[in-house]
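# generate coordinates for the sequence data below:
(chains A, B, C and D)
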Protein chains: 2
Amino acid sequence: MGEERKIPKPTIKRLAVYYRCLSEMISEGKMYVSSKELAKKLKIKSSQVRKDLSYFGEFGKRGVGYNVRSLATELRKILGIDRRWRVVIVGAGNLGRAIANYPGLYRNRFDVVAIFDKDPSKFGLVIGAAGPVRPMEELESVVKSKKVEIGVIAVPAQAAQDVVEQLVKAGVKGIVNFAPVTLHVPGNVIVEDVDITVLFKAITFHLRKRP
Amino acid sequence: MGEERKIPKPTIKRLAVYYRCLSEMISEGKMYVSSKELAKKLKIKSSQVRKDLSYFGEFGKRGVGYNVRSLATELRKILGIDRRWRVVIVGAGNLGRAIANYPGLYRNRFDVVAIFDKDPSKFGLVIGAAGPVRPMEELESVVKSKKVEIGVIAVPAQAAQDVVEQLVKAGVKGIVNFAPVTLHVPGNVIVEDVDITVLFKAITFHLRKRP
DNA sequence: TAGATTGTTAATCGATTAACAATC
DNA sequence: TAGATTGTTAATCGATTAACAATC
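Below you'll find the model as predicted:
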């Protein structure tokens, strides 16, 4: 058995945030950055930055900091975005179309290669690079032929579990779920949930009962 | 000083998820639910459910479970959604418009009362109940006159900090941030961040280097 | 060299879970 | 009553932070 140090889950998302920050710095022409600087920008502790990176190797120079470009390159490898990934979106409502058109995805190496809906009145409508809205019947064949790895759920809650099963059957291994339900998937499939209304409630929890 | 038990941050989001689950059960006509049932549905431990609720009171009946409707009522109070909240959206691109039209917000007691953009070609375009896209110049007066408590940032990263400052100046106390930047706000303002590309990278982190 | 900053250890802090007496 | 399930305590587990020797 390979001894594998366990990575805290929050670390993974912070690595993605470090990467975002480094990308900015690259475009500003910055050459080196210290854990202290990075931490300040992200409102965390510098020891947190160093610890997060230490799970994966030694990337800095003592007394100097981190080379911005080479740390960005390392983070791309760690996060798996040293190559492009193919994505399909299920649900061509407002949210599905917004995600299909979100420029941040392409820039961060995610290619939305198709979008699906069950509503025939939407079929054929072209959604940016994702192409025409396709019927659900084509999901499996498109996922397989285009070697799609990631699916996005942008359908109403009651349709979500059914869609997930179709995605999993077609061979998708990662799912970004915008539907307000807890999905059931096989153990080898990774799910990230975003429930927009939950975010709002986390805010009102703190704002409630103020003057 | 009032002795106040500290609430774990993850607890707050789980409460919102319990509420979501209970809402479903209400519409299914279910009268009682146990922590075990709720836990199973959400893929967590039943002791987690009970502990989360215990921070706020005793809501169950031993041997029986929780009354679905009354627990939902309690959670509404805890989460602050025993009344409606007013929201403005800044940025009338694909994402801003999708959020303005998201039916889950209205259903969960959030009213999107206005939407803003800096692009004059969008002014006047009507976005559902949010009404016409308005110029940024109107932000402060609308927030004040409509007593808006929550702002949504749906603008590009480089514009986000500036927008935040306008929202805070106008009196907004909670912000849902979709822009890929870390915002700087006064201590009394609550921010919830969602970076969509970070979610995708959390997935590729796990999928990287598989066959 | 002197100053700065890393990588890592150990301590602390925070969150989850098991276990069980209380009680419906 | 017997069976079920709560509310809570204490133990465990996981994540963050301070501190500092190593070293650029």
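# every contact and neighbour count from this point should use C-alpha atoms.
Noted.
# now the residue positioned nearest the centre of chain A: which helix or strand?
Centroid check for chain A by Cα atoms, centre = their mean gives A:Val176 as the closest residue, at 7.1 Å. Counting by DSSP states H and E, the element that carries A:Val176 is strand A:174-177.
# so the residue nearest to the centre of chain A touches A:Asp195, yeah?
No - the pair A:Val176 / A:Asp195 is not scored as a contact, 10.7 Å apart, by Cα atoms under 8 Å.
# tell me what the longest helix seen in chain A is packed against?
In terms of residue count, the longest helix belonging to chain A (DSSP state H) is helix A:9-28. Contacts defined by 3 or more Cα pairs under 8 Å, 6 or more residues apart in numbering or on different chains; DSSP states H and E place helix A:9-28 against helix A:46-54, helix A:68-79, helix B:196-207.
# does that helix come close to DNA strand D?
Yes - legend: contact between helix A:9-28 and DNA strand D by Cα under 7 Å from any atom of the strand is shown at A:9-11.
# just the residues contacting that helix, thanks.
Residues outside helix A:9-28 that contact it (Cα atoms under 8 Å, 6 or more residues apart in numbering or on different chains): A:31, A:38, A:52-53, A:68-69, A:71-72, A:75-76, A:79, B:180, B:198-199, B:201-202, B:205.
# ChimeraX command to pick out the buried ones of those?
The ChimeraX command for the buried members of the contacts of helix A:9-28 (criterion: 16 or more other Cα atoms under 10 Å in any protein chain shown) is given here:
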select /A:38,52,53,68,69,71,72,75,76,79 /B:180,198,199,201,202,205
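# and the contacts of helix A:9-28 near DNA strand C, which?
Among the contacts of helix A:9-28, the residues lying close to DNA strand C (Cα under 7 Å from any atom of the strand) are A:Leu53.
# tilt between the longest strand along chain A and helix B:196-207?
Counting residues, the longest strand found in chain A (DSSP state E) is strand A:110-117. Computed by axes from the mean of the first three to the mean of the last three Cα atoms, to 10 degrees, the angle separating strand A:110-117 from helix B:196-207 equals 100 degrees.
# returning to that earlier point: now do the contacts for the residue nearest to the centre of chain A.
A:Val176 sits next to A:150-153, A:191-194, B:199-200 when contact means Cα under 8 Å, 6+ apart.
# cutoff 6 Å now
Each residue near A:Val176 by Cα atoms under 6 Å, 6 or more residues apart in numbering or on different chains is listed here: A:152, A:191-192.
# in chain A, which ranges drop under the pLDDT threshold?
Scanning chain A for pLDDT under 70 picks out A:1-4, A:210-211.
# which parts of it sit against DNA strand C?
Applying Cα under 7 Å from any atom of the strand, we find that chain A lies next to DNA strand C at A:33-36, A:46-47, A:50-51, A:53-54, A:57-66.
# distance to A:Phe123 added to the helices and strands packed on helix A:9-28, as a markdown table?
Output for those, formatted as a markdown table (distance: least, Cα to Cα, whole Å):
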| stretch | distance to A:Phe123 |
| --- | --- |
| helix A:46-54 | 45 |
| helix A:68-79 | 35 |
| helix B:196-207 | 26 |
